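# Okay, structure incoming, though there's no sequence with it:
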């Protein structure tokens with residue numbers, strides 16, 4: 001799995017709600033801005049040079065059911081770069097179905113916290129293809145759309161999932177997510193130092209300086225959403241940074 005992100009990558013986010021691309025502020029429903037068709041967005045980012053795409057089924061994340069399955073499948077069919085997908089993946093069967101359909105990596109968040117053994121179960125059959133999503137608010141891991149604290153320390157949790165077979169960690173700093181206010185790198189750096197698998201940073205990237213700061217903190221890649229959709233900077237400029 002060390003070849004997942006052989007060089008630092010900027011990964012565009014394609015967050016889907018009701019079959020459309022949206023971006024939420026701090027993960028809260030009702031704050032979304034809409035950006036059209038997921039396949040069009042995915043193709044646009046690949047044409048711009050994206051080497052990986054980050055798909056999130058927001059309805060799945062909130063409801064626990066994969067509501068945007070058709071849109072996900074259309075994106076996977078349309079692009080020829082690896083696609084990582086999160087949102088509503090709650091069972092090993094869900095994960096296996098997606099991995100068999102061509103999703104490169106499944107992202108487990110709430111399910112991984114509630115049932116850590118799921119990570120081991122899926123990783124045994126699909127080595128390196130489980131990414132565990134750890135979202136931190138005020139220094140603790142939160143779940144269920146960032147509404148419930150778990151008491152878990154992000155760095156300790158990352159190390160535990162690595163032991164269970166996770167191929168990568170997706171770390172989101174909820175305190176800065178979706179606000180275009182810049183990043184904080186201290187917690188990200190702690191998570192990076194706790195594991196020897198790729199840590200993908202997410203949340204609050206508002207400038208090319210933020211991209212550089214996360215790279216310097218040791219992140220293997222950074223997921224960018226709002227800043228790319230709003231044209232704050234281009235994907236090419238972020239990749240150059």
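In hand now; what should we look at? The shown structure was predicted, so the numbers you read here are calculated from the model rather than taken from an experiment. Numbering: from 1, shown residues only.
# Can you show me the helices along this protein?
Secondary structure of the chain by DSSP state H: the helices cover 38-47, 58-63, 69-78, 92-100, 110-114, 117-125, 154-163, 186-194, 208-216, 226-229, 235-240.
# Minimum distance to residue 25: which of the ones you listed has it?
Nearest of these to residue 25, taken as C-beta to C-beta: helix 226-229 at 8.2 Å. Every residue, glycine included, has its C-beta placed from N, CA and C.
# pLDDT on that closest one, on average?
For helix 226-229, mean pLDDT rounds to 92.
# Show me which positions of it end up buried.
By neighbour count on 16 or more other C-beta atoms under 10 Å, the buried set for helix 226-229 is 226-229.
# what's in contact with stretch 62-69?
Stretch 62-69 is contacted from outside by 16-19, 29, 38, 57-60, 72, 87-90, 94, 145, using C-beta atoms under 8 Å, 6 or more residues apart in numbering.
# Show the buried residues in those.
Neighbour counting by 16+ other C-beta under 10 Å classes 16-17, 38, 57-60, 72, 87-90, 94, 145 among those as buried.
# and the residues you listed as CSV, adding pLDDT and distance to residue 78?
CSV is the format used below for the buried ones among the contacts of stretch 62-69 (pLDDT from 0 to 100; distance: C-beta to C-beta, whole Å):
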residue, pLDDT, distance to residue 78
16, 94, 14
17, 92, 19
38, 96, 9
57, 92, 16
58, 88, 20
59, 84, 20
60, 77, 20
72, 93, 11
87, 90, 19
88, 87, 21
89, 92, 21
90, 90, 26
94, 93, 22
145, 65, 28
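# and which of the residues you listed is nearest residue 169?
residue 89 (15.8 Å).
# Quick one: residues contacting the closest one.
Taking C-beta under 8 Å, 6+ apart as the criterion, residue 89 is in contact with 60, 66, 95, 98, 106-108, 111.
# Now it, what are its backbone angles?
Torsion angles at residue 89 (phi, psi; degrees, to the nearest 10) stand at phi -90, psi 100.
# and it, how far is that from residue 164?
Between residue 89 and residue 164 the computed distance is 16 Å (C-beta to C-beta, to the nearest Å).
# hmm, back to that, tell me which two of the buried ones among the contacts of stretch 62-69 sit farthest apart.
The span of those, defined through C-beta to C-beta, is set by 38 and 90 at 21.5 Å.
# what bits of the protein have low per-residue confidence?
1-3, 26-27, 64-65, 144-147, 175-182 (pLDDT under 70).
# wait, what's in contact with the residue nearest to residue 152 when sequence neighbours are not counted?
Nearest non-adjacent residue to residue 152, counting by C-beta to C-beta, 6 or more residues apart in numbering: residue 141, 4.1 Å away. Shown in contact with residue 141 (C-beta under 8 Å, 6+ apart): 113, 134-135, 149-154, 157.
# so can I have TSV of the residues you listed showing distance to residue 12 and neighbour count?
Output for the contacts of residue 141, formatted as TSV (distance: C-beta to C-beta, whole Å; neighbours: other C-beta atoms under 10 Å):
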residue	distance to residue 12	neighbour count
113	26	22
134	21	26
135	19	25
149	30	14
150	29	17
151	33	6
152	29	17
153	30	19
154	24	23
157	26	23
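# Of all the helices of the chain, which one comes closest to residue 173?
Taking C-beta to C-beta, helix 186-194 is the member of those nearest to residue 173, at 6.1 Å.
# Which strands or helices does that closest one pack on?
Packing partners of helix 186-194 (3 or more C-beta pairs under 8 Å, 6 or more residues apart in numbering; DSSP states H and E): helix 154-163, strand 168-173, strand 199-202.
# Let me know which of the ones you listed is tucked in deepest.
Most buried of the helices and strands packed on helix 186-194, by mean neighbour count (mean count of other C-beta atoms under 10 Å): strand 199-202, with a mean of 28.
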